[in-house]
Structures are given as C-alpha cells and as structure tokens.
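Chemist: Predicted model, plus sequence, below.
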Amino acid sequence: MWSLAWPWMLLALPLPLLARRLLPPVSAAQEAGLRVPSLSGFAVLADRSEAEQLLNWRFWLALAAWLLLVLAAARPERIGDELEVPVSGRNLMLAVDLSGSMDAKDFELGNRKVDRLTATKAVASDFITRRKGDRIGLILFGERAYLQVPLTLDRETVNILLMESFIGLAGEKTAIGDAITLAVKRIHDQGDAGGEQVLVLLTDGANTAGAVDPLKAAELAAQIGLRIYTIGIGAEQLEVP
C-alpha cells in the first residue's frame, strides 16, 4: 500500500495558477532583452497553428514537471505487510560505568591492550545483539546516573548510543546506588508488571559517590521484583549487592 509521509505538501499544487492570477503580466518590451531586426521577418513565416501547438506542448511539460515535483516533496512511501515482532516479556536495563577508573588499560581485545570501557562495550554490544524480543534500556553513570535509552525493542539504537559513550561523560566517580535507583524508577514506570525485570550492572569499582547507598537501592529493587546481575570489569574490589 502506498501513502504520503507529508500529504500537506499537495497544498502547493495550485501555486502556479495563483501566481499567474496575482502577478502582473510581462510586457512585450520585457519579453526579450535583445531584438535582432534582421531576424524579425522570420516571425511572419511561422505558422500560427504550429506556434499554438508548441505553446501547448511546453505548457503540458511544465505542468507534468510541477506535478512530479510536488508529489516527490510529499514523500510517497510504500507500506509493506505488518511484521509481528516476537516479544519475550523481559525488561532488561543495562547500567554502564563511565567513571575515570574505566580508563585503565588492563584488558586484551584482538591482541591489543584496551581500556575497561572498550572491553565493556564489546561485551555489552554482543549481549544487546542477542536479546531478540526483549525490551532493553541503557543507563550511563559516573558521579551521576542518566537514562540514555528508555526500554525499547530497538536494539540498534541502544548499541549506537552505547558505542558513543565515553569515560568521564557522567563524572569521574562511581555512583552505583544512584544507577540502581534510576533503573528501579524507570522499570517501575515503564516496565510490564507481568514480565521479568532485570538490571545488568557493569562496573569496575566500589561506590564512591551518589545520594543513595547501593544496599538501600537493592532493597528498592527487590520490592518491585527487579533482579540485579553485576559484572565486575577488571576490579579488585566491588561494593555492590
């Protein structure tokens, strides 16, 4: 089925007619900027019916060009059959640590040393790609926690915004409790109460900032049935539930 993305562009169709009606006609003196007297006699030889046919031909060509231009501006698009997306009912929120310590290069990826955030992105990106049918959200945190992507089936967008994140974007310290609390709030507000609720926390260190203690945040998560899975990224010590 075909439809128009911008059907209101069709309102431009009568513009040439309005311009012809409203604008003053061009005088004979303005029609030609340069007249050649020696060629003026050839005008008499022109057959009037042929001149009228030429005028009509140009008119219809201009009309067709205008119609095609307006139609293209209206952005015609073909809508295919509806595809049913398999939905598992799981709501998965990823919380990725962007604190300064994630800059430590203590991982190997493809025979080269990489920082912790690069290794985290590789693991998380593969995880996102395989989560067909799950709604996925993304939280980025450092000293503060931010919702980067709400729960969505659009895995490609989640992957792109994950890859665009960088160390220090949310501050240099680590507010694990704030990240968990934000995940609890967003899943509670947006999630399906009947589905499985999961938070995957990817961090490399202890809680060093934030307004909420991680254990208190974990209690809030338990109240709404949110399960927390913590992945330690090169850390020797973790203070997470």
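Modeler: Right, received. Where do you want to start? Residues are numbered from 1 along each chain as shown.
Chemist: Let me know the distance separating Thr157 from Asp189.
Modeler: Distance, Thr157 to Asp189, using Cβ to Cβ, to the nearest Å: 19 Å. Bear in mind the C-beta positions are built from the backbone N, C-alpha and C, glycine included.
Chemist: The two: which has the busier surroundings?
Modeler: In this view Thr157 and Asp189 are compared by other Cβ atoms under 10 Å, and Thr157 has more residues nearby, 15 against 9.
Chemist: where's the more buried one, which helix or strand?
Modeler: If you go by DSSP states H and E, Thr157 is part of helix 155-164.
Chemist: What residue, apart from its backbone neighbours, is nearest the residue nearest the centre of the chain spatially?
Modeler: By Cα atoms, centre = their mean, the chain has its centre lying nearest to Thr157, at 6.3 Å. In space, and not counting its chain neighbours, Thr157 is closest to Val149: 6.4 Å by Cβ to Cβ, 6 or more residues apart in numbering.
Chemist: could you dump the helix or strand where that neighbour lies to CSV, C-alpha only?
Modeler: Using DSSP H and E, Val149 sits in strand 145-152. Extracted as CSV, the C-alpha positions of strand 145-152 are listed here (Å, rounded to 0.1, in the frame of the first residue of the first chain):
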residue,chain,number,x,y,z
ALA,A,145,23.3,8.4,36.7
TYR,A,146,21.5,9.3,33.4
LEU,A,147,18.9,7.4,31.4
GLN,A,148,20.4,7.3,27.9
VAL,A,149,17.8,5.0,26.3
PRO,A,150,14.4,4.0,27.8
LEU,A,151,13.1,0.5,27.4
THR,A,152,12.8,-0.3,23.7
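Chemist: Now do Ala222, the pLDDT please.
Modeler: You'll see Ala222 listed with a pLDDT of 92.
Chemist: That one and Arg135, how far apart?
Modeler: As for Ala222, its distance to Arg135 is 21 Å (criterion: Cβ to Cβ).
Chemist: So for these two, which residue has more residues nearby?
Modeler: Arg135 (24 against 13).
Chemist: Quick check: the more buried one touching Leu94?
Modeler: No - using Cβ atoms under 8 Å, Arg135 is not in contact with Leu94, being 11.6 Å away.
Chemist: show me where this protein has strands.
Modeler: For the chain, strands defined by DSSP state E occupy the ranges 2-4, 76-78, 91-97, 107-108, 113-114, 135-141, 145-152, 197-203, 226-232.
Chemist: can I see the domain layout of the chain?
Modeler: Domains of the chain are assigned by automatic domain parsing as 2-78, 91-232.
Chemist: ranking the ones you listed by burial, who's on top?
Modeler: domain 91-232 (a mean of 18; mean count of other Cβ atoms under 10 Å).
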